[in-house]
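Undergrad: Structure for the following, please:
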Amino acid sequence: LGMANKTLRDSGGARQIAKRAFADASVLVAISKEIGEYLRQRTSELGKVRVVQNGANLERFRPGLIPALPDRQSVFTVGYAGRLSMRHGLDTLVKAFAILHRRDPRARLLLVGDGPDRDAIAQAASSVGIAGSVELTGAVSPGIVPRLMASMDVAVAAYPRREAFYD
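TA: Next comes the predicted model:
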């Protein structure tokens, strides 16, 4: 159920619970067409699934925001904001940043958010020798996210291509 590289103790039970939840819901809202298709394949009621694309409140992400980390403005910062999961390509991001870091040892990697693979990401950074240049913020309030992103010179979404991303 959408958890590659994870093992459920009772995957059959989990599927049954999901099936009941999908059946009991009056509407299923998906944040992408891929998730919408995943849900459509698991419900028999036509028109029950609605896709509402991820979005952002543009008032919060306006030009001229003061970066949340102004003391590091002169340091080139690569950043990511979201769930810390290897499924999101963060292992690749850490390896790519290590290459950049060899060329510019002052560069830093800012990872905003938390998730199941936070410790694994920290370990991956340590194993390629960049732990001191990686900042993991952990969970932060939504109000600070725009300012943290304003602290980034480059924001990265390293999601790998997958045939069945949500299975």
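
Undergrad: Could you list the buried residues of stretch 138-145?
TA: Buried positions in stretch 138-145, judged by neighbour count with 16 or more other CB atoms under 10 Å: residue 145. From N, CA and C alone the C-beta is placed, and that goes for glycine too.

Undergrad: First residue to last residue on it, what's the distance there?
TA: For stretch 138-145, the first-to-last residue distance is 11 Å (CA to CA, to the nearest Å).

Undergrad: who touches it?
TA: Residues outside stretch 138-145 that contact it (CB atoms under 8 Å, 6 or more residues apart in numbering) are 60, 68, 81, 112-114, 118, 148.

Undergrad: same thing with stretch 67-79?
TA: 93, 97, 100, 104, 106-112, 144, 147-156.

Undergrad: So which of those sit within strands?
TA: 108-112, 154-155 (DSSP state E).

Undergrad: Can you select the buried ones from those residues in PyMOL?
TA: Of the ones in strands among the contacts of stretch 67-79, the buried ones can be selected in PyMOL as follows, counting by 16+ other CB under 10 Å:
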select buried, resi 108+109+110+111+112
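
Undergrad: For the helix or strand hosting residue 18, C-alpha coordinates in PDB please.
TA: For residue 18, the host element (DSSP states H and E) is helix 11-24. Extracted in PDB, the C-alpha atoms of helix 11-24 (Å, rounded to 0.1, in the frame of the first residue of the first chain):
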ATOM      1  CA  SER A  11      -0.600  -6.500   4.200                       C
ATOM      2  CA  GLY A  12      -3.900  -8.300   3.500                       C
ATOM      3  CA  GLY A  13      -5.400  -6.600   6.600                       C
ATOM      4  CA  ALA A  14      -4.100  -3.300   5.500                       C
ATOM      5  CA  ARG A  15      -5.700  -3.700   2.000                       C
ATOM      6  CA  GLN A  16      -9.000  -4.700   3.600                       C
ATOM      7  CA  ILE A  17      -8.900  -1.600   5.900                       C
ATOM      8  CA  ALA A  18      -8.100   0.600   2.900                       C
ATOM      9  CA  LYS A  19     -10.900  -1.000   0.800                       C
ATOM     10  CA  ARG A  20     -13.400  -0.300   3.600                       C
ATOM     11  CA  ALA A  21     -12.200   3.300   4.100                       C
ATOM     12  CA  PHE A  22     -12.400   4.000   0.300                       C
ATOM     13  CA  ALA A  23     -15.900   2.400   0.200                       C
ATOM     14  CA  ASP A  24     -17.100   4.400   3.200                       C
END
